[in-house]
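Visitor: need a structure here:
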Amino acid sequence: ENWAPIFRDFQKKYPFVTNIQANNLDSDEVFQKQLSEMSTGNAPADILVTNAVQAWAKYNSEPGRVLDYTSPEMAKLPDYAQLMPGVAAMSMDPVGLAYNKQLLGSDPTSIADLAKLVEADPGKFKGKITTRDVSGSFGFTVSKGFVDGDPDAWTELEKILPSARPETSSGTQIDKITSGEYLAGFFISSAVAFPQEQKAAGIFSFVFPKDGTVVLGRGIGITPKGPHPATAKLFLDFVLSEEGQNAVAEGGLTAYRDSVKQVDGLHTYQEIVDKAGESAIIRVPYKVTSDADVKAFTDKWNGLLGK
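Guide: Here you go, the predicted structure:
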């Protein structure tokens, strides 16, 4: 669903590209598969795309794993468009707070608001909150990003996490919030939450927390030995162009090129700023977190989760 308008408009611009295949994998699997195929000498992927910051940073810490290519479109984009050498941001996607509007009985606008609700009625919320599993790259990245960016984070999380259950995908989270299995969830990917808010209007609500909205650059890089290097460069240039960024937004991701205008149903980085406030934006840097720091964080987080 995210890729359809991008592929459509790219092939319209370059009609000689007759076949594009996307292998949609979980965040951590993207690099596991690429490394496995590289070890056999058969790596058919031209481009890698994921917003798993920690996984990207680890993968790209070894030289020669992405092509050293800088798109000419980068000169027309904000400084934060370059995530790492050879890796650009295809989109700038927020994670947010989602809830079942019919069942929650309130409209929280922050993690602190959710903490107050849980603290006021712990029995109602026991096992009815969902968050991402921090053992995965995505869950770890968004959770630690929030904690690093909000000095009051642990104070609020200590109230919420004992009532929370982890899930490994945002898709599962939004389905269970919509069905009422969960009343609310936090750090949920906008890529699946935006379309769900349209499909389940009046039931499923999604907001950018005013006390910290984590934004992840969706990294895109070209593999160094892919079978179609010239076309891969054209594709990277396209997704960063104004035309490509409009297609990115049409696919449900968040465009960040300034020239892309916000219209109903399409989402932009400026929309996040307008709704959450500039001071609430937490852009997560693409850098490796040490194993010791990962363990310390995940142990503390998991120690607070409801059993």
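
Visitor: for this structure, which element, helix or strand, carries the lowest mean pLDDT?
Guide: In the chain, no helix or strand scores lower on mean pLDDT, DSSP states H and E than helix 27-39, which sits at a mean of 76.

Visitor: restrict that one to CA atoms and write it as CSV.
Guide: Once non-C-alpha atoms are left out, helix 27-39 reads as follows in CSV (Å, rounded to 0.1, in the frame of the first residue of the first chain):
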residue,chain,number,x,y,z
SER,A,27,12.5,-4.2,10.2
ASP,A,28,15.2,-6.5,11.5
GLU,A,29,14.8,-9.1,8.7
VAL,A,30,15.8,-6.5,6.0
PHE,A,31,19.4,-6.7,6.9
GLN,A,32,19.5,-10.3,8.0
LYS,A,33,18.3,-11.3,4.5
GLN,A,34,20.7,-8.9,2.8
LEU,A,35,23.7,-10.2,4.7
SER,A,36,22.7,-13.8,4.2
GLU,A,37,22.4,-13.3,0.4
MET,A,38,25.7,-11.3,0.2
SER,A,39,27.5,-14.2,1.9
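
Visitor: and it, what does it pack onto?
Guide: strand 47-50, helix 53-59, helix 137-149 (3 or more CB pairs under 8 Å, 6 or more residues apart in numbering; DSSP states H and E). In this view, the C-beta of every residue, glycine as well, is placed from N, C-alpha and C.

Visitor: so which of the ones you listed gets nearest R65?
Guide: R65 sits nearest to helix 53-59 of all the helices and strands packed on helix 27-39, at 5.9 Å, using CB to CB.

Visitor: quick one, strands of this protein?
Guide: 47-50, 82-84, 87-100, 129-132, 164-167, 184-189, 204-207, 213-222, 254-255, 267-268, 281-283 (DSSP state E).

Visitor: re the thing from before, now the helices and strands packed on helix 27-39 in TSV, please, with extra columns for mean pLDDT and mean neighbour count.
Guide: Formatted as TSV, the helices and strands packed on helix 27-39 follow (pLDDT from 0 to 100; neighbours: other CB atoms under 10 Å):
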stretch	mean pLDDT	mean neighbour count
strand 47-50	92	21
helix 53-59	89	23
helix 137-149	93	23
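
Visitor: now distance to G277 too, for those, in CSV please.
Guide: Shown next, in CSV, are these (distance: least, CB to CB, whole Å):
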stretch, distance to G277
strand 47-50, 28
helix 53-59, 23
helix 137-149, 13
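
Visitor: any idea which of the strands of the chain gets closest to L304?
Guide: Closest among these, once you apply CB to CB, is strand 164-167, at 8.4 Å.

Visitor: tell me the contacts of the residue found closest to D28 once you drop the neighbours it is linked to in the chain?
Guide: Of all residues not flanking D28 in the chain, S137 sits nearest, at 5.2 Å (CB to CB, 6 or more residues apart in numbering). For S137, the contact set (CB atoms under 8 Å, 6 or more residues apart in numbering) comprises 27-28, 52-55.

Visitor: just for the stretch 1-150 of the chain, where's the confidence low?
Guide: Along the stretch 1-150 of the chain, segments meeting pLDDT under 70 span 27.

Visitor: one more pass at 80, please.
Guide: For the stretch 1-150 of the chain, the stretches with pLDDT under 80 are 1, 23-29, 31-32, 34-43.

Visitor: how much space between A249 and N302?
Guide: 36 Å (CB to CB, to the nearest Å).

Visitor: ok, now V260?
Guide: From V260 across to N302, the span is 39 Å (CB to CB).

Visitor: quick check: V49 touching R218?
Guide: Yes - V49 lies in contact with R218 (CB atoms under 8 Å); the separation is 6.5 Å.

Visitor: so what sits against both of the two?
Guide: Taking CB under 8 Å, 6+ apart as the contact rule, V49 and R218 both touch M90.

Visitor: Y286 contacts W56, correct?
Guide: Yes - counting by CB under 8 Å, W56 is a contact partner of Y286 at 5.9 Å.

Visitor: between those two, which contacts overlap?
Guide: Taking CB under 8 Å, 6+ apart as the criterion, Y286 and W56 both touch 83-84, 87, 219.

Visitor: what ranges does the stretch 151-300 of the chain have for its helices?
Guide: Assigned by DSSP state H, counting those that start in this stretch, the stretch 151-300 of the chain shows helices spanning 153-160, 170-179, 190-199, 229-240, 242-250, 269-276, 291-304.
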